[in-house]
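*Asks:* I'd like to go over a predicted model; first the sequence, then the structure.
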Amino acid sequence: MVCLITGSSRGLGKAVAFACGQRGHRVAVHCKDRISDAKNVAAQIKDSLIFKADARDFKEIKSLVAEVVKKWGRIDVLVNNAGITKEALLLRTSEKDFDEVIGINLKGAFNFIRAVAPYMMNQEIKKIIPPHPPLAKGGRGDYQIKQRSGHIINISSFAGVKGKAGLSAYSASKAGLIGLTLTTAKEFSRYNIMVNAVLPGYMLTDMGEDSSDTAKEKTLEESLVKNFSNPDLAAEFICNLSETTGITGQVFNLDSRIL
């Protein structure tokens with residue numbers, strides 16, 4: 001399978017990229033600025049490529065997706081993981097910060113879905129693939145003429161369901177991502193494209209570590225097992241989900257806090 005993991009230079013995206021790579025999948029590692037980190041991730045995956053693009057810019061995303069298809073002939077899995085947060089009370093959140101969070105977390109996912117879906121639907125393949133594609137080494141080939149299948153997994157958040165004081169932009173973006181997931185699942189099911197959302201839980205990745213001590217303490221207090229989520233376990237769940245059939249339009253909570 002060919003897996004495109006957005007925001008995979010670090011954190012959960014990095015863990016998902018590794019998990020996919022360990023299963024023998026081809027992995028497109030995406031980043032916005034962290035090229036050095038992305039190179040470190042790609043170096044540990046047997047068959048991978050690095051792509052740099054701003055998730056908010058559809059032209060950049062469309063070009064990135066076309067390059068992945070040109071190289072590997074298809075995209076089987078899209079994991080919309082790229083995201084940021086700006087911690088501040090709503091009245092202290094600037095318009096610039098709000099727009100940036102919504103732009104990356106929500107519009108970015110929209111852009112990637114809009115760019116990838118036509119290939120999964122087999123609507124634009126002929127524009128990229130020549131009439132008689134060469135065979136790849138040791139297999140059927142790098143080109144796939146008819147796909148009509150795929151998995152799109154959007155990484156949302158507990159905050160998108162319950163809300164969280166001090167995270168108005170982040171919570172809004174993640175709630176919007178759930179709405180986008182449900183709508184897209186209904187529109188894409190006819191093409192055998194599965195679309196689901198995953199709430200991975202509070203993890204001590206770079207983003208989680210940057211949160212306030214109060215936020216961390218509150219999370220542990222609400223946790224039934226008094227633990228933070230494990231990125232590696234979440235990544236394994238996401239990989240397993242990407243290999244299923246007939247499951248779409250669902251929101252999976254991997255957090256022990258009760259929704």
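*Replies:* Right, received. Where do you want to start?
*Asks:* residue ranges with poor pLDDT in the stretch 51-200 of the chain?
*Replies:* Regions of the stretch 51-200 of the chain meeting the criterion pLDDT under 70 cover residues 123-146.
*Asks:* run through the helices of it in chain order.
*Replies:* Secondary structure of the stretch 51-200 of the chain, counting by DSSP state H, counting those that start in this stretch: helices at 58-72, 95-102, 108-121, 125-128, 159-162, 168-188.
*Asks:* okay, these, which one's buried deepest?
*Replies:* Of all the helices of the stretch 51-200 of the chain, helix 108-121 has the most neighbours on average by mean count of other Cβ atoms under 10 Å, namely a mean of 23. Where you see a C-beta, it was placed from the backbone N, CA and C, and this is true even at glycine.
*Asks:* mind checking how far it is from the chain centre?
*Replies:* Here helix 108-121 is found 12 Å from its chain centre; the criterion is Cα atoms, centre = their mean, to the nearest Å.
*Asks:* which residue is nearest the middle of the chain?
*Replies:* N80 (1.9 Å; Cα atoms, centre = their mean).
*Asks:* quick one: contacts for the residue nearest to that residue when sequence neighbours are not counted?
*Replies:* Residue nearest to N80 in three dimensions, not counting chain neighbours: A109, with 4.0 Å by Cβ to Cβ, 6 or more residues apart in numbering. Listed by Cβ atoms under 8 Å, 6 or more residues apart in numbering, the contact set of A109 reads T6, A55, N80, A82, N154, L177, L180.
*Asks:* isn't the fourth one up against A55?
*Replies:* Yes. Between A82 and A55 a contact is recorded at 5.1 Å, counting by Cβ atoms under 8 Å.
*Asks:* got any residues that touch both of the two?
*Replies:* Joint contacts of A82 and A55 (Cβ under 8 Å, 6+ apart) are T6, G7, K32, I104, G108, A109.
*Asks:* among the residues you listed, which pair sits farthest apart?
*Replies:* Pairwise distances across the shared contacts of A82 and A55 (Cβ to Cβ) peak at 14.0 Å, for the pair K32 and A109.
*Asks:* what sits in contact with each of the two?
*Replies:* Taking Cβ under 8 Å, 6+ apart as the criterion, K32 and A109 both touch A55, A82.
*Asks:* export the contacts of A109 as TSV, with columns for distance to D37.
*Replies:* Converted to TSV, these look like this (distance: Cβ to Cβ, whole Å):
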residue	distance to D37
T6	14
A55	16
N80	19
A82	13
N154	22
L177	24
L180	27
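*Asks:* ok, which of the helices of the stretch 51-200 of the chain comes nearest K226?
*Replies:* helix 159-162 (18.2 Å).
*Asks:* give me the residues contacting the closest one.
*Replies:* Under Cβ under 8 Å, 6+ apart, the answer for helix 159-162 is 167, 170-171, 173-178, 199, 251, 253, 257, 259.
*Asks:* reformat those as CSV; add distance to K39.
*Replies:* Formatted as CSV, the contacts of helix 159-162 follow (distance: Cβ to Cβ, whole Å):
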residue, distance to K39
L167, 31
Y170, 28
S171, 33
S173, 28
K174, 29
A175, 34
G176, 32
L177, 28
I178, 33
L199, 30
V251, 34
N253, 33
R257, 36
L259, 38
